[in-house]
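1. please work out how this folds:
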Amino acid sequence: MVPSHPARAQSAEQGTQQVVQFLQQHEYRQSLSQADQLLTTAPRDCRLLSLRGMALTGLQKSVEAEQSFKQALRNCPNDLLALEGAAQIAYAQRQRQDAVLLLQRILRINPENMTANAMLASIYRSSGKCEKALPYFAASAQMFPQRPQYQQAYAYCLADTAHYAQAAANYEQVLSRHPGKTARFNLALVQWKLHKESLALATLRPLLKDARQESVMTLGALLAEDTGDTPLAVKLLRAAIAAEPRDEMNYLEFAQIAFDHRSPQVGIDMLNAGLTQLPNAAQLYLARGVLEVQISHFNAAIADFQRAHKLAPQLSLAMDAMGIMESQQYKQTSALQLYRKEARSHPKDGLLQYLYAEALSEANPTKDASIEAIAAARKSVESEPGYAPARDLLALLYLRIHNSQQALKEAQTALKINPSDQVALYHEIMACRQLGQKTQVQELVKRLAVMRTEKARQQKTGHRYVLQDEITHTKP
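-> From the prediction side, this is the model:
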C-alpha cells in the first residue's frame with residue numbers, strides 16, 4: 001500500500017476544518033460547496049458526509065440531508081455525528097419509529113448523551129408511553145432549569161403513572177420558574193390525589209378568580225365540597241354547567257351534593273335542566289330517580305330507573321338505586337307492594353323483576369321470602385342473562401338458604417360479566433367458605449383486598465378529572 005502524501009493529508013484536514021468553520025458561521029452554502037469538493041476525492045469519508053448532511057439541514061433540504069447521513073452510516077454505522085443528524089431529521093418530521101431506533105443506537109454508544117435522552121423522553125411522552133419516558137427524562141434532568149416546559153412534561157408523566165409526590169415536586173418547580181395555568185391546574189389535581197384537599201384548593205384559587213374553563217370550575221367545586229365550602233362548590237358547579245351545558249358529569253356532581261345535603265328538589269330541578277340538553281343520558285335519569293326516592297316519589301323513581309336501564313343496560317343502575325333507597329329508610333311495606341304490582345304487570349321486565357326480588361330480600365330475609373325472591377331474580381336473569389346485579393342478588397339469596405354450589409355458580413357468572421364486581425367476589429368467598437375450600441378462600445380474600453384498594457383510589461381521585469395536556473411533542 002502506497003502511503004498517503006503528508007501534504008495532501010494536511011490539505012484535506014484543512015479543507016474539512018473549513019467546512020466546520022462555515023457551519024459554525026451558518027454559512028451553509030459555502031460549507032456544502034466545500035464538502036462536495038472534498039468528497040470528489042474521498043467519497044466514503046464519513047465525517048465529510050455527516051458535515052454535508054448538516055449543511056443541507058441548515059439549508060432546509062431535509063431529504064438530501066437524510067440521504068447524506070444514511071450514506072455516512074452505511075460506511076460507519078457508529079458515527080455519532082451521522083446518527084445525531086439522522087435522528088434530528090426523523091424527530092423533526094415525526095418519524096417516531098425511525099427516530100427511536102436511531103436514538104437508541106446513540107445511547108448504546110454514549111448513554112449520557114443528554115439530547116438523545118431528552119428526545120427519546122419527548123417521543124415516548126407524546127406517544128402516550130409515559131412509563132417508558134420516565135428514565136429518559138431523569139437522565140436529562142439538567143435541562144429542566146432552562147426548559148420548564150420539558151420539566152412540565154416530566155411532571156405530567158410522573159402523575160400519569162401515579163408517582164404523585166414526585167409529580168407535585170416537579171410542578172412546584174415549574175411554577176416557581178415559569179408560572180402557567182396548565183401547570184397550576186395539574187399541581188392542584190395531583191395534590192388532590194395526594195389527599196391534600198386544602199392545599200389543592202389554595203393552589204387552584206388564582207385560576208378561580210376569573211375562571212372561564214369548565215374543568216377548572218369543576219375541580220374547584222370538588223375541592224370546595226371536600227373542604228366543607230358547599231356554597232362555593234354550588235356556585236362553581238352552576239358556572240361550569242353554564243359554560244358547558246352538555247357535560248353530564250357536572251349535573252351528576254350537583255345532584256350528588258344535593259343528595260348529600262338532603263336537598264333533593266334542588267338537585268331534581270338541575271337534572272331536569274340537564275335532561276333538556278341531554279335527553280338520552282342514562283346517568284341523569286338514574287340520579288333523578290335516586291333523588292325522587294328521597295321525597296318518596298316511588299312511581300317517578302321507577303320510571304326513571306327503567307328509562308336509564310333501557311338506555312344503558314350494562315350499568316348496575318338498579319343496584320345503585322336500591323342501595324340509596326335503603327339508606328333513606330323508606331317504608332319497605334309500601335315499596336314492596338309497589339314493586340309486586342309492577343312486577344306482576346310486567347313479568348318479562350328484567351329490571352322490575354330484579355327490583356321486586358331486591359325488595360323481597362330486604363323486607364323479609366327469611367328462607368321462605370328468599371325462595372320467593374329467588375323466583376323473581378331468576379325471571380330477571382332469564383330476561384337479561386348478562387345483568388350482573390341480578391346474578392349478585394341470586395348468589396346472596398342462595399347463600400341465605402345454604403345452597404352453596406348454586407351461590408358459587410352465580411357469583412362466578414357475575415364476575416365473568418364484570419371482573420371488578422366486589423359484591424360477586426365477596427359472595428364467591430362466602431360460598432367457598434361454606435364449602436370448606438380454605439385455600440381458595442385465602443386467594444379470593446387477597447384478590448378482594450386488591451380490588452377494594454384500587455376502587456377506593458379511583459373513587460377518591462375521580463376517573464374523569466385528568467391532567468391538562470398542552471404538550472404534544474416537546475422540543476428538548
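2. switch to C-alpha atoms for all contacts and neighbour counts from now on
-> Noted.
3. for residue 85, give me its contacts.
-> Listed by Cα atoms under 8 Å, 6 or more residues apart in numbering, the contact set of residue 85 reads 50, 53, 54, 66, 69.
4. and if you look at residue 183?
-> 152, 171, 174, 175.
5. can you pull the contacts of the residue nearest to the third one when sequence neighbours are not counted?
-> This means residue 174. Counting by Cα to Cα, 6 or more residues apart in numbering, the nearest residue to residue 174 once its immediate chain neighbours are dropped is residue 148, at 5.6 Å. Neighbour list for residue 148: 174, 177, 178 [criterion: Cα under 8 Å, 6+ apart].
6. helices and strands of this structure: which one bottoms out on pLDDT?
-> Every helix and strand in the chain was compared by mean pLDDT, DSSP states H and E; the lowest is helix 317-327, with a mean of 47.
7. in stretch 81-95, which residues are buried?
-> If you call a residue buried by 16 or more other Cα atoms under 10 Å, then stretch 81-95 has these buried ones: 81, 82, 83, 84, 85, 86, 87, 88, 89, 90, 91.
8. mind putting the residues you listed into TSV with distance to residue 337?
-> Formatted as TSV, those follow (distance: Cα to Cα, whole Å):
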residue	distance to residue 337
81	83
82	82
83	78
84	78
85	79
86	77
87	74
88	74
89	74
90	71
91	69
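9. just the ones in helices from the contacts of residue 148, please.
-> Judged by DSSP state H, these include 174, 177 as members of helices.
10. of the contacts of residue 148, select the buried ones using a PyMOL command.
-> Applying 16+ other Cα under 10 Å to the contacts of residue 148, the buried members can be selected in PyMOL as follows:
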select buried, resi 174
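11. make CSV out of the contacts of residue 148 and add distance to residue 139.
-> Formatted as CSV, those follow (distance: Cα to Cα, whole Å):
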residue, distance to residue 139
174, 18
177, 20
178, 22
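12. closest to residue 367 among the contacts of residue 148?
-> residue 174 (63.9 Å; Cα to Cα).
13. contact partners for the closest one?
-> Going by Cα under 8 Å, 6+ apart, residue 174 touches 148, 149, 151, 152, 183.
14. in helices, which of those residues fall?
-> 148, 149, 151, 152, 183.
15. quick one, domains of the protein?
-> 144-204, 214-320, 407-459 (automatic domain parsing).
16. rank those by pLDDT, which is bottom?
-> For the domains of the chain, the weakest mean pLDDT is recorded on domain 407-459, namely a mean of 83.
17. look up how far residue 101 lies from the nearest residue to residue 44 once chain neighbours are set aside.
-> Using Cα to Cα, 6+ apart and skipping the chain neighbours, the partner closest in space to residue 44 is residue 75 (6.7 Å). The gap separating residue 75 from residue 101 is 18 Å, by Cα to Cα, to the nearest Å.
18. swap in residue 212?
-> Taking Cα to Cα, one finds residue 212 at 43 Å from residue 101.
19. ok, now residue 362?
-> Relative to residue 101, and taking Cα to Cα, residue 362 is found at 63 Å.
20. those two: which has the busier surroundings?
-> residue 362 (17 against 13; other Cα atoms under 10 Å).
21. what helix or strand is that one on?
-> helix 350-363 (DSSP states H and E).
22. which residues sit against the following helix or strand past that helix?
-> Scanning forward in sequence from helix 350-363 by DSSP H and E, the next helix or strand is helix 367-383. With contacts defined as Cα under 8 Å, 6+ apart, helix 367-383 is touched by 347-354, 356-358, 360-361, 364, 387, 390-391, 393-394, 397-398, 400-401.
23. buried members of those into PyMOL, please.
-> Of the contacts of helix 367-383, the buried ones go into a single PyMOL selection, burial set by 16+ other Cα under 10 Å:
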select buried, resi 349+350+351+352+353+354+356+357+358+360+361+387+390+391+393+394+397+398+400
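24. rewinding a little: can you put the ones in helices among the contacts of residue 174 in a markdown table and add distance to residue 20?
-> A markdown table is the format used below for these (distance: Cα to Cα, whole Å):
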| residue | distance to residue 20 |
| --- | --- |
| 148 | 32 |
| 149 | 32 |
| 151 | 33 |
| 152 | 35 |
| 183 | 41 |
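25. hang on, isn't residue 188 packed against residue 204?
-> Yes: assessed by Cα atoms under 8 Å, residue 188 is found in contact with residue 204 at 5.8 Å.
26. more crowded one of these two?
-> The residue with more neighbours, out of residue 188 and residue 204, is residue 188; 29 against 23, by other Cα under 10 Å.
27. which SSE is that one in?
-> helix 181-193.
28. list of residues touching the helix or strand that that helix is followed by?
-> The helix or strand immediately downstream of helix 181-193 is helix 197-208, counting by DSSP H and E. Helix 197-208 is touched from outside by 181, 184-185, 187-192, 216-217, 220, 223-224, 226-227, with contacts defined as Cα under 8 Å, 6+ apart.
29. got the buried residues for helix 197-208?
-> 197, 198, 200, 201, 203, 204, 205, 207, 208.
30. okay, the angle between that helix and helix 181-193?
-> Between the axes of helix 197-208 and helix 181-193, defined by axes from the mean of the first three to the mean of the last three Cα atoms, to 10 degrees, the angle is 160 degrees.
31. how far off centre is helix 197-208?
-> 22 Å (Cα atoms, centre = their mean, to the nearest Å).
32. ok, now stretch 148-165?
-> In terms of Cα atoms, centre = their mean, the centre of stretch 148-165 is set 14 Å apart from its chain centre.
33. circling back: same for the helix holding residue 362, what does it pack against?
-> helix 298-311, helix 317-327, helix 332-345, helix 367-383, helix 388-400 (3 or more Cα pairs under 8 Å, 6 or more residues apart in numbering; DSSP states H and E).
34. so how far is that helix off the chain centroid?
-> Centre-to-centre, helix 350-363 and its host chain are 35 Å apart (Cα atoms, centre = their mean).
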